[in-house]
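[1] Fold the following.
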Amino acid sequence: MGDFIYITGGVRSGKSRYAEQVAAGLGSKVAYVATSPVTDWEMEARIAAHRARRPETWVTVEKQEQLPEVFKQIGGQYDTLLVECLTTYLSNWLYRNLGEVNPDSPVLRWTDNHQQELCQHMYEIGSEIKACPSRVIMVGNQVGWGVVPPYPLGRLFRDAAGLAEQIIVQFADQVFLVVAGLPLKLK
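    Residues are numbered from 1 along each chain as shown. Down below sits the predicted model:
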């Protein structure tokens, strides 16, 4: 089975560049697993900047849902799978699985069952990564270091992202925190 490297950091910390450098140094056959949909012009520009940095030999696999299936379907076909990123994937997952959200009220219908589903899904992702014959590099965001979001959905996302990362790093062989472009090995 391949190694699993998890790279985290704040927004604009340099984590994506670092992940790309690591992937480029570990093998010639790289699949870049993109989890972000194009939602607006700003996101389109971010995605374009990421694409421009990648070597032309890398294959891009867009997977905004069912991330565990990626490891089953293409694991072993590439030396390295670079997943960018867990936090965006989580946002997609929450959007589909959040339950009832009343747009006229800040009340969320997030229950213990929803949290249990999130945990089970993260354990499924981690298990599929560990079973994957390719090396996996996954990027994630530290979203809990900033200002406490003033609205319930923002706080829910912050809490879910923190929980998701805590579960995923249990499966990682190496974990790096990138701050100001500098990687710090945590595990």
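
[2] tell me the phi and psi of the residue nearest to residue 124 when sequence neighbours are not counted?
    Excluding the flanking residues, the one nearest residue 124 by CB to CB, 6 or more residues apart in numbering is residue 68, at 5.1 Å. C-beta here means a position set from N, CA and C on the backbone, and glycine is covered the same way. Dihedral angles of residue 68 (phi, psi; degrees, to the nearest 10) stand at phi -60, psi -30.

[3] Then residue 8?
    The phi/psi pair for residue 8 (degrees, to the nearest 10) is phi -130, psi 170.

[4] Neighbours of it, how many?
    By the criterion of other CB atoms under 10 Å, residue 8 has 24 neighbours.

[5] where exactly do the strands run in the chain?
    In the chain, the strands defined using DSSP state E lie at 4-9, 30-34, 59-62, 80-84, 135-141, 174-179, 182-185.

[6] mind checking how far the fourth one is from the chain centre?
    Averaging C-alpha coordinates over strand 80-84 and over its chain gives two centres that are 9 Å apart (CA atoms, centre = their mean, to the nearest Å).

[7] okay, the angle between it and strand 4-9?
    Angle of strand 80-84 versus strand 4-9, following axes from the mean of the first three to the mean of the last three CA atoms, to 10 degrees, is 30 degrees.
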